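Q: Fold the following.
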Amino acid sequence: MVVKSVRLDKVCGVTSNLPTNTLPEVAFAGKSNVGKSSLINALVNRKSLARTSSQPGKTQTINFYNINGNMFFVDLPGYGYAKVSVKEKEKWGQMIENYLNTSMSLKAVFLLIDIRHEPSKNDVDMYQWILANGFEPIIIATKLDKIKRSQIDKNIKIIKDTLNVVEGTEVIPFSATTKDGKDKILKTIGAIVKQ
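A: Now for the predicted structure:
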């Protein structure tokens with residue numbers, strides 16, 4: 001899959017109605033600061049289409065990026081950010097759940113996990129939650145450039161074991177800095193949405 005054009009089409013906050021897209025969607029979920037915005041920027045060859053921040057909890061909306069006029073990348077709010085009130089977290093949770101339950105066009109969910117750390121309880125909960133919503137998430141192990149090559153297989157095994165992934169679940173190591181894994185992710189998306 002080659003990204004030729006991209007634009008931010010719709011931003012949905014807590015009170016917004018979700019769009020009824022007829023084009024296929026792939027969603028990106030992950031805890032705050034795991035690198036969702038950096039991943040999207042890398043996939044679409046833009047430096048700052050999706051706003052990145054060293055401050056967790058920056059994405060507080062569901063952002064729909066129109067790709068090539070024939071599909072959407074959907075950036076979900078990060079979860080597990082401690083400095084947000086419980087009430088705010090619940091609102092985001094409801095917003096994500098509402099999206100997963102109601103989108104008629106959602107084809108796949110990519111769950112981003114930091115390859116350096118064992119998945120947190122929030123990551124495990126999110127994985128189980130996505131499964132419960134009828135999707136088998138594809139795992140993207142982010143921040144690949146932050147570990148030694150010799151650690152990759154061991155760290156991926158920890159991710160798979162901790163999440164207790166479904167047999168055959170793909171885990172794609174990725175670095176926004178070196179772009180390692182980018183082509184594999186785009187190829188995977190292309191196969192899912194048949195583009």
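Q: Any stretches of this structure with poor pLDDT?
A: 50-59, 81-85, 88-89, 92, 195 (pLDDT under 70).
Q: so where do the helices sit in it?
A: Applying DSSP state H to the chain gives helices spanning 36-43, 86-102, 121-132, 152-163, 182-193.
Q: To residue 69, which of those lies closest?
A: Judged by Cβ to Cβ, the one of those that comes nearest to residue 69 is helix 182-193, at 12.8 Å. (Each C-beta comes from the backbone N, C-alpha and C, glycine too.)
Q: before we move on, the earlier item: give me whichever of the helices of the chain is most buried.
A: helix 36-43 (a mean of 23; mean count of other Cβ atoms under 10 Å).
Q: Determine the set of other helices and strands touching it.
A: Identification of packing neighbours for helix 36-43 by 3 or more Cβ pairs under 8 Å, 6 or more residues apart in numbering; DSSP states H and E yields strand 25-30, strand 71-75, strand 138-142, helix 182-193.
Q: Turn the ones you listed into a markdown table, columns for distance to residue 122.
A: As requested, the helices and strands packed on helix 36-43 are arranged in a markdown table below (distance: least, Cβ to Cβ, whole Å):
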| stretch | distance to residue 122 |
| --- | --- |
| strand 25-30 | 10 |
| strand 71-75 | 18 |
| strand 138-142 | 15 |
| helix 182-193 | 22 |
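Q: Please name the residues that touch the nearest residue to residue 133 once chain neighbours are set aside.
A: Distances taken as Cβ to Cβ, 6 or more residues apart in numbering place residue 100 nearest to residue 133, at 4.3 Å, with adjacent residues excluded. Contact analysis of residue 100 by Cβ atoms under 8 Å, 6 or more residues apart in numbering lists 27, 106, 109, 129-130, 133, 135.
Q: Please apply the same query to residue 144.
A: So residue 144 contacts 115, 152, 173-175, 178, 180-181 (Cβ under 8 Å, 6+ apart).
Q: can you pick the most crowded of the residues you listed?
A: residue 174 (28 neighbours; other Cβ atoms under 10 Å).
Q: and the residue sitting furthest away from the middle of the chain, how far is that from residue 156?
A: Most distant residue from the mean C-alpha position of the chain: residue 150, 25.5 Å away (Cα atoms, centre = their mean). Computed as Cβ to Cβ, to the nearest Å, the residue 150 to residue 156 distance reads 12 Å.
Q: Residue 139 too?
A: For residue 139, the distance to residue 156 - Cβ to Cβ - is 9 Å.
Q: residues bridging contact with those two, i.e. touching both?
A: Contacts common to residue 139 and residue 156, judged by Cβ under 8 Å, 6+ apart, are residue 171.
Q: Just give me the neighbour total for residue 68.
A: 14.
Q: Might one say that it is in contact with residue 23?
A: No. Between residue 68 and residue 23 there is no contact under Cβ atoms under 8 Å: 9.7 Å.
Q: hmm, back to that, now render the helices of the chain as TSV, adding distance to residue 16.
A: Output for those, formatted as TSV (distance: least, Cβ to Cβ, whole Å):
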stretch	distance to residue 16
helix 36-43	19
helix 86-102	9
helix 121-132	21
helix 152-163	30
helix 182-193	24
